[in-house]
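> have a look at this prediction, sequence included:
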Amino acid sequence: MKRRTFVRNTSLAGLGFSVAPGLSFGSRNNTEKLQIGLIGCGLRGQNHLELLLKRSDVVIVALADPNEEMIERSLKMFDSNAAVKPIIYNRGDYDYERMLETEDLDAVIIATPWEWHSKQAIAAMNARVFVGLEVSGAFSVEECWDLVNTHLETKTPLYFLENVCFRRDIMAMLNLVREGLLGEMVHLECGYQHDLRGVKFNDGVTPYNSGVELGDKGFSEAKWRTNHSIHRNGDLYPTHGIGPVSQFIDVNRGNRLLTISSMASKSRGLHDYIVNHEKGGENHPNAKIKFNLGDKVTSMITTSNGETIVMHHDTNLPRPYSLGFRVQGTRGLWMKVNNSIYIEGMSPPHKWENDSPYLEKYDHKIWKEGLEKSVGAGHGGMDYFLMESFLDCAMNGSEIPFDVFDAATWMSLTPLSEASIKEGGAVRYIPDFTNGLWINRKNNFALNG
Ligand SMILES: NC(=O)c1ccc[n+]([C@@H]2O[C@H](COP(=O)([O-])OP(=O)(O)OC[C@H]3O[C@@H](n4cnc5c(N)ncnc54)[C@H](O)[C@@H]3O)[C@@H](O)[C@H]2O)c1
């Protein structure tokens with residue numbers, strides 16, 4: 001019997017069967033190291049590897065990725081950390097199945113192109129391996145149900161790796177909101193607003209420059225992500241926005257998302273970029289591509305507790321990066337774009353204040369205590385806290401803050417927004433993926449901060 005199955009069955013016998021999915025996971029012997037496999041070791045997978053290789057309580061047993069270059073880059077990281085080399089599964093797109101079958105894994109992290117996420121998460125849950133799933137939007141609502149149903153059938157937990165929930169300012173504002181300084185929540189805004197036009201490519205001379213190539217000639221996300229802008233029109237990357245927003249208003253925990261209505265602008269940004277780029281021009285083959293994705297996709301979401309949410313997707317026009325958070329309640333609001341806050345009775349009447357003193361005062365405990373260790377980790381350190389939380393859940397069976405129900409809800413916004421845009425902004429109902437569990441579930445994220 002595989003060690004993992006043995007540990008789970010033993011702990012099940014000890015605890016008595018529980019309906020709480022995943023209770024048996026993480027009940028391992030504390031002296032054992034967590035055995036991890038990685039599916040997809042591209043640039044994001046390598047971020048995860050970097051954090052994992054620094055730890056003494058995990059072993060990275062295996063990597064599954066068909067791309068030789070990414071495997072090589074990852075193996076160099078093992079060398080430079082003097083870590084035992086993992087088993088490599090690189091025999092094509094489905095070799096992760098062999099990894100799941102062969103290796104005795106406790107957990108797996110999936111960091112592949114979006115179209116693989118659900119397939120691979122479902123395969124891992126079926127293999128009874130604790131799943132850490134990178135973020136994305138889904139392709140269909142059915143796919144989201146498949147994730148939920150596989151979790152319910154296999155009782156295998158899924159941790160949705162939404163790192164922005166751990167952003168320092170978000171966590172400070174969560175403290176401030178929970179103390180009631182902004183009053184009752186009324187309206188929130190968020191989005192993915194990141195100029196992604198400068199896709200990386202390899203021209204054989206100056207590898208990985210910003211250029212105008214995509215598909216086989218591209219590198220990393222340019223190989224696959226830009227293709228979505230050709231074929232789809234919707235909010236393709238909703239979770240960095242809706243994930244944090246969900247924490248402020250307890251989505252799937254006493255509240256739920258009800259409806260979405262989306263509209264898309266015309267599509268000009270990528271074509272303009274290609275024809276005006278020094279490596280592109282009117283005669284470049286990619287200048288003929290007809291991009292489908294509206295440069296600016298805007299969605300309006302309603303919730304059962306009566307809040308409204310505006311969500312932006314804006315990746316193909318020139319702009320500085322911003323997730324555009326706005327958190328507004330009956331006593332005031334925070335707007336990230338201007339670093340500004342206004343709290344009635346505290347701020348000078350009708351005047352914005354800079355948010356820094358508030359961010360300092362309400363800084364979350366995990367940031368104060370873990371700041372030093374987070375230095376150098378990806379995305380301003382927040383990836384360190386995400387990894388800590390993921391490993392805590394996988395090792396100790398702690399309650400997962402962003403679980404399969406959150407993954408399904410947040411990911412479903414992509415196909416629902418695509419459908420809504422096709423129908424001129426028609427309202428689409430967001431399924432209750434918890435089947436009513438949301439009524440009694442409690443928000444457990446970042447309490448006691
Ligand atoms: N949370 C964040 O801040 C953050 C940041 C970057 C990327 N991401 C997400 O991480 C994921 C990966 O993005 P990336 O930037 O690393 O892209 P990438 O292209 O650099 O890496 C993807 C890797 O997956 C591999 N792959 C493709 N098909 C596979 C298969 N069938 N089995 C195994 N491996 C396969 C590719 O060969 C590649 O090495 C995406 O979902 C992306 O949205 C999240």
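Right, received. Where do you want to start?
> the stretch 201-350 of the chain: helices as residue ranges?
Secondary structure of the stretch 201-350 of the chain (DSSP state H, counting those that start in this stretch): helices located at 225-231, 239-249, 269-276.
> now render those as JSON lines, adding mean neighbour count and mean pLDDT.
C-beta here means a position set from N, CA and C on the backbone, and glycine is covered the same way. As requested, the helices of the stretch 201-350 of the chain are exported to JSON lines (neighbours: other Cβ atoms under 10 Å; pLDDT from 0 to 100):
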{"stretch": "helix 225-231", "mean neighbour count": "19", "mean pLDDT": "94"}
{"stretch": "helix 239-249", "mean neighbour count": "26", "mean pLDDT": "98"}
{"stretch": "helix 269-276", "mean neighbour count": "19", "mean pLDDT": "94"}
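> to Thr409, which of those lies closest?
Thr409 sits nearest to helix 239-249 of all these, at 8.0 Å, using Cβ to Cβ.
> ok, that closest one near the ligand or not?
No - shown here: helix 239-249 not in contact with the ligand (Cβ under 6 Å from any ligand atom), separated by at least 7.1 Å.
> who does that helix touch, helix- and strand-wise?
helix 168-178, strand 185-193, strand 308-314, helix 404-422 (3 or more Cβ pairs under 8 Å, 6 or more residues apart in numbering; DSSP states H and E).
> 6 Å instead, please
For helix 239-249, the packing partners by 3 or more Cβ pairs under 6 Å, 6 or more residues apart in numbering; DSSP states H and E come out as helix 168-178, strand 185-193.
> what's the spacing between the closest residue to Ser374 other than its chain neighbours and Ala172?
Excluding the flanking residues, the one nearest Ser374 by Cβ to Cβ, 6 or more residues apart in numbering is Gly381, at 3.4 Å. Separation of Gly381 from Ala172 (Cβ to Cβ, to the nearest Å): 14 Å.
> same thing with Leu359?
As judged by Cβ to Cβ, Leu359 and Ala172 stand 5 Å apart.
> which residues touch the closest residue to the ligand within the chain?
Among all residues of the chain, Gly42 sits closest to the ligand, at 1.7 Å; criterion: Cβ to the nearest ligand atom. Listed by Cβ atoms under 6 Å, 6 or more residues apart in numbering, the contact set of Gly42 reads Met70, Ser220.
> pLDDT score for it?
Gly42 carries a pLDDT score of 95 in this model.
> how about the helices and strands packed on helix 239-249 in a markdown table, adding mean pLDDT and distance to the ligand?
Formatted as a markdown table, the helices and strands packed on helix 239-249 follow (pLDDT from 0 to 100; distance: least, Cβ to the nearest ligand atom, whole Å):
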| stretch | mean pLDDT | distance to the ligand |
| --- | --- | --- |
| helix 168-178 | 98 | 13 |
| strand 185-193 | 98 | 10 |
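> in TSV, list those along with distance to Asn316 and mean neighbour count.
What follows is the helices and strands packed on helix 239-249, written out as TSV (distance: least, Cβ to Cβ, whole Å; neighbours: other Cβ atoms under 10 Å):
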stretch	distance to Asn316	mean neighbour count
helix 168-178	25	21
strand 185-193	11	22
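> redo these as TSV? Include distance to Lys288.
Converted to TSV, these look like this (distance: least, Cβ to Cβ, whole Å):
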stretch	distance to Lys288
helix 168-178	42
strand 185-193	27
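> His228 is nearest to which of the ones you listed?
Short answer: strand 185-193, nearest of the helices and strands packed on helix 239-249 by Cβ to Cβ, at 12.6 Å.
> just the CA trace of that closest one, in PDB.
The C-alpha coordinates for strand 185-193 follow below in PDB (Å, rounded to 0.1, in the frame of the first residue of the first chain):
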ATOM      1  CA  MET A 185     -19.900  47.000   2.800                       C
ATOM      2  CA  VAL A 186     -21.900  48.500  -0.200                       C
ATOM      3  CA  HIS A 187     -19.800  48.500  -3.300                       C
ATOM      4  CA  LEU A 188     -16.400  47.100  -4.400                       C
ATOM      5  CA  GLU A 189     -14.200  47.300  -7.500                       C
ATOM      6  CA  CYS A 190     -11.300  45.200  -8.700                       C
ATOM      7  CA  GLY A 191      -9.800  43.800 -11.800                       C
ATOM      8  CA  TYR A 192      -6.800  42.500 -13.700                       C
ATOM      9  CA  GLN A 193      -5.300  45.600 -15.300                       C
END
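> now for it, which elements pack on it?
Under the contact criterion of 3+ Cβ pairs under 6 Å, 6+ apart, strand 185-193 touches helix 239-249, strand 308-314, strand 326-329.
> would you mind listing what in the chain touches the ligand?
Of all the residues in the chain, those in contact range of the ligand (Cβ under 6 Å from any ligand atom) are 39-45, 64-67, 70, 93, 96, 111-114, 116, 134-136, 163, 220-221, 223, 379.
> from those, list the buried ones, please.
Among these, those classed as buried by 16 or more other Cβ atoms under 10 Å are 39-42, 44-45, 64-66, 70, 96, 111-114, 116, 134-136, 163, 220-221, 223.
> can you list which of those residues are found in strands?
Ile39, Ala64 (DSSP state E).
> residues near Asn354, how many?
11 (other Cβ atoms under 10 Å).
> how is the chain carved up into domains?
Domain ranges of the chain: 3-163, 165-364+404-439, per automatic domain parsing.
> Gly370 is nearest to which of those domains?
Nearest of those (Cβ to Cβ): domain 165-364+404-439, 9.5 Å.
> can you give me the first-to-last residue distance of the closest one?
Terminal residues of domain 165-364+404-439 are spaced 22 Å apart (Cα to Cα, to the nearest Å).
> any idea how far that domain is from the middle of the chain?
On the basis of Cα atoms, centre = their mean, to the nearest Å, domain 165-364+404-439 sits 12 Å off its chain's mean C-alpha point.
> ok so, going back, between the domains of the chain, which gets nearest to Cys393?
Per Cβ to Cβ, nearest to Cys393 of the domains of the chain: domain 3-163, 5.6 Å.
> in stretch 124-144, what's buried?
124-125, 127-141, 143-144.
> any chance you could list what contacts that stretch?
With contact meaning Cβ under 6 Å, 6+ apart, stretch 124-144 is reached by 25, 100, 105, 107-111, 114, 117-118, 121, 150-151, 154, 156-162, 236, 238-239, 390, 394, 408, 411-412, 414-415.
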